[in-house]
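Novice: Sequence first, predicted model second:
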Amino acid sequence: MDVDGVSVLARGITARGPEGTVFENVDLRVNPGSLAVVCGPGGTGRTSLLLALSGRLRLVAGHVEVSGHVLPAQARAVRRLVLPARLRPGYELEERHRVREAVAERRLISGVPISSIADAFDLLGIDPNASSLVGELAADERLLLAVALTAASAPAGIVVDDVDVGLGATGRSRAWAALRGLAGTGMTVLTSATDPPFGDVEVIPLPAQVTHRPTPTLVLEREEIR
């Protein structure tokens, strides 16, 4: 897999929901092929920032460009470049599906051949039992399955929310190593976590400016059918 990743530039961006400010006056730059981590405690708008950077949440102030595409005017193009592997709410694997059903569904939606999915499994170091329920997989295996199914179509960017949620030290190490490997293909990997991993990552800190998490679904941009 060889990918031309997206770049992301944001200046002074702000989002508000029905309960108030989600995040405010955020500046960031993410280079193509980087592993970037939006980090901070709950309630700081990590998920909402990922939604905004991938063209799925409208901002009230600031400027964002994703590989030259300006948001919100070119949000449709950005949504085609940057795909969600896990982005809560709304973009998660169905836990009641079996692995083979999740694979079949992704092939139907994206049109990728089974060989591309097998290559993505190898890249991320997973080999899930096709008969297993998604919800029965270990948390790190379930996360990496979602990432692999999305990465199989080789998007320019991929979004992975809450990387460290529910993972112990071994699971976190495995997940971050796999995501570093994915970024090594050239793909831009945008993630969120409570704490960033050690090493060569682009950290985007969010301060705890609010004590609640406004519901971003009320301000989501419409997702285009691919």
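Specialist: Looks like it came in fine. The shown structure was predicted, so the numbers you read here are calculated from the model rather than taken from an experiment.

Novice: Okay, L179 and D140: tell me how far apart.
Specialist: According to CB to CB, to the nearest Å, L179 and D140 sit 11 Å apart. The C-beta positions use only the backbone N, C-alpha and C, and glycine is treated the same way.

Novice: go on, G68?
Specialist: Going from G68 to D140 by CB to CB gives 35 Å.

Novice: Pull the residues that contact the biggest helix by length in the chain.
Specialist: If each helix of the chain is counted by residues according to DSSP state H, the longest one is helix 169-183. The contact list for helix 169-183, computed with CB atoms under 8 Å, 6 or more residues apart in numbering, reads 5, 33-35, 123-126, 138-140, 143-144, 147, 151, 158, 160, 163-164, 167, 189, 191, 197, 199-200.

Novice: related to what we said a few turns ago, which one of G68 and D140 is surrounded by more residues?
Specialist: Remark: of G68 and D140, D140 carries more neighbours, 21 against 10, as counted by other CB atoms under 10 Å.

Novice: Apart from its chain neighbours, what residue comes closest to the more buried one?
Specialist: What sits nearest to D140 in space, not counting adjacent residues and going by CB to CB, 6 or more residues apart in numbering, is G171, at 3.8 Å.

Novice: can you pull out the helices in the chain?
Specialist: 46-53, 75-81, 99-110, 114-124, 139-151, 169-183.

Novice: packing partners for the fourth one?
Specialist: So that's helix 114-124. Using 3 or more CB pairs under 8 Å, 6 or more residues apart in numbering; DSSP states H and E, the elements in contact with helix 114-124 are helix 99-110, helix 139-151, helix 169-183.

Novice: So what pairs up with the most centrally placed residue in the chain in the strands?
Specialist: For the chain, the residue nearest the mean C-alpha position is V159 (1.4 Å; CA atoms, centre = their mean). Taking DSSP bridges as the rule, V159 bridges to P84, L190.

Novice: Any figure for the gap between it and L190?
Specialist: In terms of CB to CB, V159 sits 5 Å off from L190.

Novice: Where does the prediction get shaky in this protein?
Specialist: 207-226 (pLDDT under 70).
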